[in-house]
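Q: sequence and predicted structure are below.
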Amino acid sequence: MNWDTILTNVWGAVNSPFGIGILAAVVLWVLNRLYAKKPQWKKYEGTIIAAVKLAEKQIPDDTPNKAAAKLDAALRYVLNVHREVENRRATAQEVAAIREGIQIVHANLETGGALATAVKTACILLLACCLAFSGSGCTTVVVSPGAGPVNVGATSSLVTTEGQETDSRQAPATQPMEDVDDANPH
């Protein structure tokens with residue numbers, strides 16, 4: 001076999017649907033290996049959440065520079081847990097990563113809390129509107145030219161200006177539609 005035959009067979013295999021699928025799987029596997037590195041603080045995310053909530057309760061709002069005090073309290077808590085788990089003190093790089101994680105988690109908790117409150121409020125308003133409309137019988141009033149109101153609900157009828165009741169699916173025979181003059185809106 002020569003190189004031309006080998007390259008032609010390899011190209012034919014790679015250019016098949018099966019070959020393209022295998023090639024895509026290999027590329028995705030390599031990309032996941034490169035980009036799937038989690039930050040160092042991710043393994044302490046639960047502890048960070050607890051530390052942020054604890055710091056929110058411990059540090060009063062009237063404390064001067066309360067944001068730094070809350071960050072410091074949460075950092076001390078997480079570093080104590082880190083020391084217990086790892087049996088050593090955290091390096092400067094780990095402290096910086098944990099501090100960054102605390103700030104990210106705190107921002108997510110604040111945003112999540114605000115969004116959750118807005119969603120709850122919207123759901124309550126929607127429920128109130130649904131209850132209000134269902135309690136009123138969901139009647140809709142439609143006004144058509146030359147006819148009175150049409151009540152769309154349990155009965156489907158059209159009351160014409162003469163007071164005769166006809167089926168709403170039929171055009172009223174008593175009141176023909178008049179041409180509307182666009183130039184004169186009266």
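A: Received the coordinates, thanks.
Q: where do the strands of the chain begin and end?
A: 140-143, 147-152, 156-160, 165-167 (DSSP state E).
Q: show the average pLDDT along the third one.
A: Averaged across strand 156-160, pLDDT comes to 48.
Q: how much space separates the closest residue to residue 41 other than its chain neighbours from residue 24?
A: Closest residue to residue 41 apart from its sequence neighbours, by C-beta to C-beta, 6 or more residues apart in numbering: residue 101 at 2.8 Å. Quick note: C-beta positions are derived from backbone N, CA and C, even for glycine. As for residue 101, its distance to residue 24 is 34 Å (criterion: C-beta to C-beta, to the nearest Å).
Q: low-scoring stretches of this protein, by residue?
A: Across the chain, the stretches falling below the confidence threshold (pLDDT under 70) are 113-119, 122-123, 129-186.
Q: let's see it at 80
A: Regions of the chain meeting the criterion pLDDT under 80 cover residues 1, 33-40, 112-186.
Q: and it, what are its domain boundaries?
A: 40-135, 139-169 (automatic domain parsing).
Q: the residue nearest to residue 41: neighbour count?
A: For residue 101, the neighbour count with other C-beta atoms under 10 Å is 22.
Q: report the separation between residue 36 and residue 45.
A: Going from residue 36 to residue 45 by C-beta to C-beta gives 16 Å.
Q: ok, these two, which is more surrounded?
A: residue 45 (15 against 7).
Q: quick one: the more buried one and residue 106 touch, right?
A: No - look at residue 45 against residue 106 with C-beta atoms under 8 Å: they stay out of range, at 11.9 Å.
Q: what about the helices in the protein?
A: Using DSSP state H, the helices found in the chain span residues 3-14, 17-35, 45-58, 66-86, 92-135.
Q: how close does residue 92 get to residue 32?
A: 30 Å.
Q: ditto for residue 57
A: From residue 57 over to residue 32 the distance is 39 Å, taken as C-beta to C-beta.
Q: now swap in residue 65 and tell me
A: 42 Å.
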